[in-house]
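Engineer: What follows is a protein structure lacking sequence information:
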Ligand code: DX5
Ligand code: ZN
């Protein structure tokens, strides 16, 4: 099966965001992963709707806004208005999760839900049929370049199982510490979308690094 690859721009050269996005488009990326951090849900602070709007004009790749923000319930519309194709909210940050994911879909976008490494998967069971993407965090969010948490492999397989049982087929995404080696194991466990930042942008040849991740994931996927 073909696994989708979403480069995370968190590790790219922020002074050349548009060029980096286009480089990933040429390299065959499937989605662009945009890490929105507010300095509250996570310590780090990145960018918000205006930058997403600018990227929308710079590339035709679908954009996934990974919202690591505390008030996602109240401001998903800003990200939808900016042109995000997928809006992924954290289970831990949304008091009214069902309402948020339903709203994202009603606005014509794809709804994603993310879980921190210590959050039980059961927290998404009631909305698994209402989302297009389940994002298993394989690091604690906030920074690029961290090591893959091995337990995430079990969580990917359990999320896959939960979806099969519910008769639904959202993307099972994994985010954090993905390189050619962990990509193979994540794909083997059932991941269908791999987010990679450091392994791509910290490499001398980002396009080749993306291709390496893709080929090892495809070889291992179920
Ligand atoms: C971490 C972010 C990730 C990050 C992954 O909080 O959500 O998307 O960019 O970076 P790497 O691939 O370097 O672990
Ligand atoms: Zn992310």
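Structural biologist: Yes, it's here. As the structure is a computational prediction, the values presented were derived from the model and not from experiment. Ligands and ions are numbered 1, 2, ... in the order given.
Engineer: Which parts of the protein are helices?
Structural biologist: 17-26, 49-58, 72-82, 97-106, 152-166, 180-189, 198-201, 206-220 (DSSP state H).
Engineer: Please dump these into CSV; it should also carry mean pLDDT, mean neighbour count and distance to ligand 2 for every row.
Structural biologist: Using the backbone N, CA and C atoms, a C-beta is placed for each residue, glycine as well. Putting the helices of the chain into CSV (pLDDT from 0 to 100; neighbours: other Cβ atoms under 10 Å; distance: least, Cβ to the ion, whole Å) gives the following:
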stretch, mean pLDDT, mean neighbour count, distance to ligand 2
helix 17-26, 98, 18, 15
helix 49-58, 98, 16, 14
helix 72-82, 96, 18, 14
helix 97-106, 98, 18, 17
helix 152-166, 97, 18, 13
helix 180-189, 98, 22, 14
helix 198-201, 98, 24, 12
helix 206-220, 97, 19, 15
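Engineer: between those, which gets nearest to residue 112?
Structural biologist: helix 97-106 (8.2 Å; Cβ to Cβ).
Engineer: How about residue 55, nearest residue that isn't a chain neighbour?
Structural biologist: residue 21 (5.6 Å; Cβ to Cβ, 6 or more residues apart in numbering).
Engineer: Ok, residue 72 next?
Structural biologist: Residue 72 sits nearest to residue 89 (Cβ to Cβ, 6+ apart), 4.3 Å away.
Engineer: Kindly report the same for residue 128.
Structural biologist: Residue 128 sits nearest to residue 166 (Cβ to Cβ, 6+ apart), 5.0 Å away.
Engineer: same question, residue 88
Structural biologist: residue 112 is the one closest to residue 88 (Cβ to Cβ, 6+ apart), at 3.0 Å.
Engineer: Any idea what that neighbour is bridged to?
Structural biologist: residue 88, residue 133 (DSSP bridges).
Engineer: quick one: residue 100 and residue 21, what's the gap?
Structural biologist: Using Cβ to Cβ, to the nearest Å, one gets 26 Å for the distance from residue 100 to residue 21.
Engineer: nope, residue 72 is what I was after
Structural biologist: For residue 72, the distance to residue 21 equals 23 Å [Cβ to Cβ].
Engineer: do the same with residue 39
Structural biologist: Note on residue 39: its distance to residue 21, by Cβ to Cβ, is 24 Å.
Engineer: next one: residue 178
Structural biologist: Applying Cβ to Cβ, the value for residue 178 to residue 21 is 19 Å.
Engineer: Residue 177 now?
Structural biologist: Counting by Cβ to Cβ - residue 177 and residue 21 are separated by 22 Å.
Engineer: Also residue 44?
Structural biologist: Residue 44 is 20 Å from residue 21, by Cβ to Cβ.
Engineer: Pull out the buried residues from stretch 133-152.
Structural biologist: For stretch 133-152, burial by neighbour count (16 or more other Cβ atoms under 10 Å) applies to 133-139, 141-144, 148-149, 152.
Engineer: roughly how far is it from the heart of the chain?
Structural biologist: Between the centre of stretch 133-152 and the centre of its chain there are 10 Å (Cα atoms, centre = their mean, to the nearest Å).
Engineer: State the distance from the closest residue to ligand 2 within the chain to ligand 1.
Structural biologist: Nearest to ligand 2 in the chain, going by Cβ to the ion, is residue 66, at a distance of 3.9 Å. For residue 66, the distance to ligand 1 equals 5 Å [Cβ to the nearest ligand atom, to the nearest Å].
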